[in-house]
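Asks: Pasting a predicted model and its sequence here:
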Amino acid sequence: MGPEVERELIRKCKAGDSRFYEPLVRAYEQPGLRLALGMLGNVEDAKDAVQNAFIKTFEALGRFDLKRPFGPWFFQILRNQCRDQLRSRKARFRLEALDERLELRPADPETGPVRLRERAQAREIIWEALEKIGDEHREILVLKELQGFRYGEIAAILEIPEGTVASRLYHARRALKEALESIGAAYP
């Protein structure tokens, strides 16, 4: 969905027609789930965070500046929702097998039982290491490596300069490397 389409949908929502919010929800639901899952560590807490973020976003649409892109604004609200959940201890980052239906990465063409087992083991190791690093490191790795956001997009979501994104990403990767080494896993 392009920015002009998003702006038009938001204009219609601001004019009182809430049914135009649904296409925005559909467009951002899966990326939002991936982000929330990466931050919170389990599917149910991630779904709750995304739902609450969509509610907060809808309630704040009247104040939304149509000159800004919707995506970074939504992800910023979602990020804050996840951080609130972590802070209030409603959600603990806990190791959980990833639900394959979320498709964090496209499926490999090679889907034999050996390859599937290898992928499951690799996922478990990564999530165990992510559990060991701090929220700030995990958050920036999720935005860059799982979501694939560019530095400028991450800067907008986190409300920090792009140079700070690069610095945090460097430190987060280093922390992940140390966490992987501490559990006896090799770092690429």
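Replies: Received it, and whenever you're ready, just let me know what you need. Predicted model, so just to flag it, every value in this text is computed and none were measured.
Asks: Check which helix or strand the spatially most central residue of the chain maps to.
Replies: Centroid-nearest residue in the chain, with Cα atoms, centre = their mean: residue 35, separated by 1.3 Å. Assigned by DSSP states H and E, residue 35 belongs to helix 22-40.
Asks: Which parts of that helix count as buried, going by neighbours?
Replies: Neighbour-count burial for helix 22-40, counted by 16 or more other Cβ atoms under 10 Å, picks out 24, 27-28, 31-40. (Glycine included, C-beta is placed from N, CA and C.)
Asks: between the residues you listed, which is nearest residue 169?
Replies: residue 38 (14.2 Å; Cβ to Cβ).
Asks: Quick check, that closest one in contact with residue 144.
Replies: No. Look at residue 38 against residue 144 with Cβ atoms under 8 Å: they stay out of range, at 10.4 Å.
Asks: can you pull the buried residues of the helix or strand bottoming out on mean pLDDT in the chain?
Replies: Sorting the helices and strands of the chain by mean pLDDT, DSSP states H and E puts helix 113-132 at the bottom, at a mean of 78. Within helix 113-132, the residues scored as buried using 16+ other Cβ under 10 Å are 119, 125-127, 129-132.
Asks: repeat for stretch 174-181
Replies: 175-177, 179-180.
Asks: among those residues, which are in helices?
Replies: Here DSSP state H is the test, and the buried residues of stretch 174-181 give 175-177, 179-180 as lying in helices.
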